[in-house]
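>>> coordinates only, sequence not included:
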């Protein structure tokens with residue numbers, strides 16, 4: 001039987017849609033948007049939870065920076081310095097931060113964390129050009145990126161940037177955000193902050209930047225390497241002109257100021273090679289740690305370095321040593337170190353030969369002669385130069401020539417070996433070691449006769465210190481390189497407080513020893529090549545097989561020690577002695593000084 005369908009409900013195509021249908025569409029859309037919103041919130045929440053600790057990064061720890069200053073208070077170089085001196089809107093000349101605002105975010109003080117108008121303008125500008133020619137990031141966004149985030153190009157990083165931007169402007173006012181940006185932006189040499197850039201490129205702190213220099217630094221912000229006045233000065237200057245134009249448009253400077261500033265734009269000059277001072281600052285850093293131990297605050301270290309003198313030595317040393325290595329120490333008679341070069345090229349070798357132990361050879365002999373002088377001998381007293389042996393130890397004179405009966409002064413000037421050995425036999429090895437101890441090096445010496453001829457190792461610094469006592473009128477000398485240490489606010493952490501010197505040698509002993517040293521550089525002495533105007537005297541030294549060559553001499557203001565040799569202890573040419581290259585280096589230094 002056929003099924004009855006007459007009562008079945010149907011809807012024609014023209015029948016209107018009922019309100020219930022729209023209700024269902026609305027519910028569907030609402031649920032989709034709700035789920036989407038929940039998803040976005042969850043995504044943002046996950047990103048937020050994965051963000052770094054804001055406070056910990058804002059107050060990040062870093063190694064304490066040490067800024068080394070020379071004797072005149074001028075900066076030599078720095079260590080552990082990854083940031084320049086902190087600056088702020090209040091401490092800078094207005095044109096410095098205005099140049100940044102003009103080119104990077106002209107509406108910085110009017111908009112919020114993000115600039116919708118700027119983003120829209122950048123979007124349509126890029127669309128018209130068909131490429132990414134400009135961006136819409138605010139200074140707050142750039143600060144968030146520079147301070148907290150990596151440079152990965154991910155959506156998650158951009159979301160983090162937006163979150164951080166709102167957090168920054170909620171926590172800080174606009175000036176503080178700008179301060180943070182100026183102190184953390186990385187522009188040159190891996191160092192942060194516009195102050196570091198100012199010092200490295202223009203040799204002045206950010207507080208001393210001119211309008212033109214400020215424009216050149218602001219020009220770098222777009223792409224530090226591309227617009228560097230060191231690497232690409234033409235591009236930097238061209239963009240700096242754009243910065244000056246924007247500063248005029250925004251009322252920060254006048255057209256005449258901009259024209260004058262444009263005329264001053266120049267390629268930046270790299271700082272002088274601070275490697276010239278690296279041996280020195282490495283040494284001072286060790287002294288610093290021994291003085292105050294571990295430290296956690298940035299500090300200024302005032303040193304005794306004479307930079308002009310150091311520059312002269314750094315120029316002379318590599319020219320003279322040739323295939324060998326060399327070192328120079330210069331100190332005033334009271335122990336103030338004025339220069340130190342631990343090698344001919346720090347970039348090639350960081351090993352400081354001025355503090356490395358080597359055999360001083362005959363340069364140690366003054367210690368023995370001081371014992372003899374204290375016991376009543378005089379420079380014109382006669383001694384016998386002839387073959388001498390103690391057990392199996394029977395060293396010969398350098399030229400294997402013996403002079404018989406000669407004066408003490410002649411024996412010293414010709415640096416014969418038998419006489420100091422005989423003097424040691426007469427007065428005892430312990431008296432020699434005791435004298436060395438009074439001069440500051442006794443604990444480092446071996447108790448054996450070979451020590452008398454310089455077989456016990458000591459550093460150039462220690463050896464020079466022995467001679468400093470002689471030219472310090474017999475008073476004790478302790479080398480020093482640091483006069484004062486302060487924190488960045490000028491509070492004194494350490495200040496040298498010299499104690500009264502101890503009388504080590506009596507005046508008559510000092511006078512006789514100085515006379516012996518003067519004869520060494522006179523005609524016929526082994527140090528004749530060191531002779532120059534103002535030289536008071538000196539002593540040569542050459543170790544076995546010409547492995548080490550030394551000269552230590554003095555003027556009325558300076559005691560200078562020179563060492564030449566090889567790092568691997570292999571012999572040098574037989575013609576290289578303390579009276580050749582080292583004496584010539586000493587002479588050149590004195591003549592240029």
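Nice, thanks for sending it over. Since we're looking at a predicted model, the values are computed, not measured.
>>> where exactly do the strands run in the stretch 401-550 of the chain?
Counting by DSSP state E, counting those that start in this stretch, the stretch 401-550 of the chain has strands at residues 404-407, 482-487, 492-495, 537-542, 548-554.
>>> I would like the residues contacting the first one, please.
Among residues not part of strand 404-407, those counted as contacts by CB atoms under 8 Å, 6 or more residues apart in numbering are 379-386, 414, 416. Where C-beta positions appear, they are placed from N, C-alpha and C, glycine not excepted.
>>> Check the offset of it from the chain's centre.
53 Å (CA atoms, centre = their mean, to the nearest Å).
>>> Let me see the mean pLDDT of it.
In this model, strand 404-407 has a mean pLDDT of 95.
>>> same check, this time on the longest one
In this model, strand 548-554 has a mean pLDDT of 97.
>>> Repeat that for the third one.
Within the predicted structure, the mean pLDDT of strand 492-495 is 94.
>>> Report the buried residues of it.
By 16 or more other CB atoms under 10 Å, the buried positions in strand 492-495 come out as 493-494.
>>> returning to that earlier point: CSV for the strands of the stretch 401-550 of the chain, including distance to residue 287?
Listed next are the strands of the stretch 401-550 of the chain as CSV, based on distance: least, CB to CB, whole Å:
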stretch, distance to residue 287
strand 404-407, 42
strand 482-487, 6
strand 492-495, 11
strand 537-542, 26
strand 548-554, 22
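>>> Relative to residue 440, which of those is closest?
Among these, the nearest to residue 440 by CB to CB is strand 548-554 (13.9 Å).
>>> Let's test this: mean pLDDT of the helix or strand following the closest one, rounded?
Later in the chain than strand 548-554, the nearest helix or strand by DSSP states H and E is strand 559-565. pLDDT averaged over strand 559-565 equals 98, rounded to a whole number.
>>> same thing with stretch 221-228?
Per-residue scores along stretch 221-228 average to 91.
>>> Contacts made by that stretch with the rest, please.
With contacts defined as CB under 8 Å, 6+ apart, stretch 221-228 is touched by 100, 103-104, 185-188, 219-220, 231-232, 235-236, 239, 268.
>>> on that earlier part again, closest one to residue 65 among the strands of the stretch 401-550 of the chain?
Using CB to CB, the strands of the stretch 401-550 of the chain put strand 482-487 closest to residue 65, at 10.9 Å.
>>> Neighbouring strands of that closest one in the sheet, and parallel or not?
Strands that pair with strand 482-487, judged by DSSP bridges, come out as strand 299-303 (antiparallel), strand 492-495 (antiparallel).
>>> Export those strands to TSV and append columns for distance to residue 181.
Output for the strands paired with strand 482-487, formatted as TSV (distance: least, CB to CB, whole Å):
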stretch	distance to residue 181
strand 299-303	26
strand 492-495	31
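>>> now for those, which one comes closest to residue 566?
Nearest to residue 566, of the strands paired with strand 482-487 and by CB to CB, is strand 299-303 at 30.0 Å.
>>> What's the mean pLDDT across that closest one?
pLDDT averaged over strand 299-303 gives 95.
>>> the strands in the stretch 251-400 of the chain, which residues?
299-303, 325-331, 337-341, 382-385.
>>> Throw the ones you listed into a markdown table and include mean neighbour count, thanks.
As requested, those are arranged in a markdown table below (neighbours: other CB atoms under 10 Å):
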| stretch | mean neighbour count |
| --- | --- |
| strand 299-303 | 22 |
| strand 325-331 | 27 |
| strand 337-341 | 26 |
| strand 382-385 | 17 |
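>>> closest one to residue 211 among the ones you listed?
strand 299-303 (29.2 Å).
>>> could you check the angle strand 337-341 makes with that closest one?
100 degrees (axes from the mean of the first three to the mean of the last three CA atoms, to 10 degrees).
>>> ok, residues contacting strand 299-303?
By CB under 8 Å, 6+ apart, strand 299-303 touches 64-71, 73, 76, 280, 284, 288, 481-488, 493.
>>> picking up where we left off before, ok, which of the strands of the stretch 401-550 of the chain comes nearest residue 465?
Between residue 465 and those, the tightest spacing by CB to CB is seen for strand 548-554, at 9.8 Å.
>>> Alright, I will stop here.
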